[in-house]
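Student: Return a 3D structure for these sequence lines:
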Amino acid sequence: MVAITVRNVPEQTRDVLAARAATRGQSLQEYLRSQLIELARRPDPEDFWARVRERKRQMGTRLPAGQVLEYLERRQ
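Tutor: The predicted structure follows:
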């Protein structure tokens, strides 16, 4: 494993993160480590939308926005 140092974090930001860690019964280091791992698991937003556009192109279907909204409203 490697060590990462983050400098110049505002004190208020550190306090919020420490409070979140405490709520979960974790140290700040444990909390930040778990958050970084989770962040790395998610696709980069640009890559995600590129994959969505490619999948949409491959599928060749287009649903009108109204139809999508109607479907979502029925699910609630």
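
Student: okay, residue 12: pLDDT?
Tutor: The model reports residue 12 with a pLDDT of 98.

Student: again, but for residue 5
Tutor: In this model, residue 5 is scored at 95, pLDDT.

Student: For burial, what's the neighbour tally of it?
Tutor: If you count neighbours by other Cβ atoms under 10 Å, residue 5 ends up with 4. C-beta coordinates here come from the backbone N, C-alpha and C atoms, glycine included.

Student: cool, and residue 32?
Tutor: Using other Cβ under 10 Å, residue 32 is surrounded by 17 other residues.

Student: and it, what is it in contact with?
Tutor: Contacts for residue 32 (Cβ atoms under 8 Å, 6 or more residues apart in numbering) come out as 17, 21.

Student: Helices of the chain, residue ranges please.
Tutor: In the chain, the segments counted as helices under DSSP state H are 11-23, 28-41, 45-59, 65-75.

Student: so who does the closest residue to residue 30 other than its chain neighbours touch?
Tutor: Spatial nearest neighbour of residue 30, chain neighbours left out: residue 21 (6.8 Å); criterion: Cβ to Cβ, 6 or more residues apart in numbering. Contact partners of residue 21, counting by Cβ under 8 Å, 6+ apart, are 27-28, 30-32.

Student: so how far is residue 41 from the residue of the chain most remote from its centre?
Tutor: Most distant from the centre of the chain: residue 60, at 28.1 Å, with distances by Cα atoms, centre = their mean. Distance of residue 60 to residue 41, given as Cβ to Cβ, to the nearest Å: 30 Å.

Student: Sweet, I'm off.
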